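>>> Attaching a predicted model along with its sequence, questions to come.
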Amino acid sequence: MAGLADPDAGGNADGTAAEEEVVPGLAQALSAAAERTGAALKGLELSVGGVRSVRLPHAEAFAAIPDRALILPLPSGRGEGLAGAVALAPQLVDALVEVQTLGRVEAVARPARIPTRIDATLARPFVSTLLASTSERVPSAPIPAPDAGAFHIDAGPVARAIEAPVIVHARLTVSFVDGAREATLDILLPDRPKSALPAPKSDGGKAAGKGRDTKTPAKRSDPQEVLLSARVRLEAVLPTVTIPLSQMLDLKVGDTIALTPDAVSGLTLRGGRLGGSTPSPRACALHGVPGKLGQSAGRRAIKLLDPSGTKAGSADPVSPKTSDPASSGPAMTRTTPPVPAPRMGSPSPIAPAEPGLPDLPDLPDLSDLAS
């Protein structure tokens, strides 16, 4: 998988790149904690090679986890989601297993393998002590202990459970047997801005007052820039219909399902959740906003409607062309406050299918939303 990317930063006097300290004191604390934790395991002979911490977009941070790593989730304590994760490279897992079973670390590393539950059990106390010692040195950014019974061999489930567009990625590099073997440990934490970010403006990129100019390039390591450029999922949902369970079980390719007569104008929009995962009412900027399917500038488009039934026109249409992140201006503008979610009625039943129905004809052109 991909390695850690260099953050954009200024330069030092000697011409070398100067890296921004993402969490003040984290690198030094993690290095000292690793030396202290390693010294407590007789025979481990751990030496710290260095610590690197950067801010990365969500997907890039989890792509940097080594192949066949042992991933220990960090519970949030709120009953949902995760507060982060720790990924141990296979070489570090093997070293921890060897020192606790053989009393020493072998000079020659074994080929990388898929970690097991036994590996997780033997590695978890080392990680717990390491994180606790690090948190003691950086009380402003405490890191919880890993889950007592969970581990992963695939970064996908962990990535989906950490809902943050920007990740603080700290990589600890260590060595054993006088440098004969080297390994890494990655700590991934959601980057939580302490203050609200200025919202993008819809006036061609010029922000008023202290707002942010959306057309002004920013550093790649700027968390506000990464957050505002994060992709969000927007779904247009057709009205719900109900059918008998027996009919649903008999559905096959080529069958048709009749929608309600008002399907075109009965769409609902939901979305706004970062990371591209399935939206939920609690985590969405938009949920249950009614819309009408039509066309605009030769493309299929959706026009937002007022749930009270008044004349539409409070927002510009959302068009497929907004999928280009480099396009100028915001993808959707709003001139009125967000509308509340409408009350959804019971799903409408559909009429039973008649035998011998002909193929579906081409649907007529949809109305132009601009008119």
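Sure thing, it's come through. Residues are numbered from 1 along each chain as shown.
>>> Gly84 - that's part of a strand, no?
Yes - the assignment for Gly84 is a strand, going by DSSP: H, G, I helix; E, B strand; the rest coil.
>>> Report pLDDT for it.
Note on Gly84: pLDDT of 94.
>>> tally of neighbours for it?
Counted with other CB atoms under 10 Å, the neighbours of Gly84 add up to 23. No exception for glycine: its C-beta is placed from N, CA and C like everyone else's.
>>> One more: Arg124?
Other residues lying near Arg124 total 22 when counted by other CB under 10 Å.
>>> Looks like it contacts Ala150 (just checking).
No - using CB atoms under 8 Å as the test, Arg124 is too far from Ala150 to be in contact (9.8 Å).
>>> Go through the chain and flag its longest helix.
If you go by DSSP state H, the chain has its longest helix at helix 117-137.
>>> same question for it, mean pLDDT?
Averaged over helix 117-137, pLDDT sits at 95.
>>> Quick check: next helix or strand after that helix?
helix 155-161 (DSSP states H and E).
>>> residues of that following helix that come out buried?
155, 158-161 (16 or more other CB atoms under 10 Å).
>>> likewise stretch 167-184?
For stretch 167-184, burial by neighbour count (16+ other CB under 10 Å) applies to 167-177, 181-184.
>>> Can you check the pLDDT for Leu197?
pLDDT at Leu197 comes out at 41.
>>> going forward can the numbers begin at 20, since that is how I track them
Right, with 20 as the first residue, what we last looked at is Leu216.
>>> quick revisit: neighbouring contacts of the longest helix of the chain?
44-45, 47-49, 51-53, 55-56, 59-60, 89, 91, 93, 105, 107, 111-112, 115-116, 119-120, 160-165, 167, 170, 204, 206 (CB atoms under 8 Å, 6 or more residues apart in numbering).
>>> Overlap of the contact sets of Arg143 and Ala169?
By the contact definition CB under 8 Å, 6+ apart, Arg143 and Ala169 are jointly contacted by Leu91.
>>> Strands along the protein, start to end?
Using DSSP state E, the strands of the chain run over 66-76, 89-94, 101-107, 185-195, 200-209, 251-256, 260-261, 286-293, 305-315, 318-323, 367-368.
>>> hang on, the earlier thing: now list the buried members of the contacts of helix 136-156.
The neighbour-count criterion (16+ other CB under 10 Å) marks 45, 48-49, 51-53, 56, 60, 89, 91, 93, 105, 107, 111-112, 115-116, 119, 160, 162-165, 170, 204, 206 among those as buried.
>>> Pull out the C-alpha coordinates of stretch 157-177 and format them as PDB.
C-alpha atoms of stretch 157-177 as PDB (Å, rounded to 0.1, in the frame of the first residue of the first chain):
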ATOM      1  CA  VAL A 157       0.300  14.700  26.000                       C
ATOM      2  CA  PRO A 158      -2.700  15.200  28.300                       C
ATOM      3  CA  SER A 159      -4.300  17.600  25.800                       C
ATOM      4  CA  ALA A 160      -4.800  14.700  23.300                       C
ATOM      5  CA  PRO A 161      -5.500  11.500  25.200                       C
ATOM      6  CA  ILE A 162      -5.600   8.300  23.200                       C
ATOM      7  CA  PRO A 163      -7.900   5.500  24.500                       C
ATOM      8  CA  ALA A 164      -6.800   1.900  25.000                       C
ATOM      9  CA  PRO A 165      -7.500  -0.600  22.200                       C
ATOM     10  CA  ASP A 166     -10.700  -2.600  22.300                       C
ATOM     11  CA  ALA A 167     -10.200  -5.600  24.600                       C
ATOM     12  CA  GLY A 168     -11.500  -8.200  22.200                       C
ATOM     13  CA  ALA A 169     -11.600  -6.700  18.700                       C
ATOM     14  CA  PHE A 170      -9.000  -6.800  15.900                       C
ATOM     15  CA  HIS A 171      -9.100  -6.400  12.100                       C
ATOM     16  CA  ILE A 172      -6.900  -7.600   9.200                       C
ATOM     17  CA  ASP A 173      -8.700  -5.300   6.800                       C
ATOM     18  CA  ALA A 174      -8.700  -1.500   7.100                       C
ATOM     19  CA  GLY A 175     -12.100  -1.200   5.400                       C
ATOM     20  CA  PRO A 176     -14.400  -1.700   8.500                       C
ATOM     21  CA  VAL A 177     -12.200   0.500  10.600                       C
END
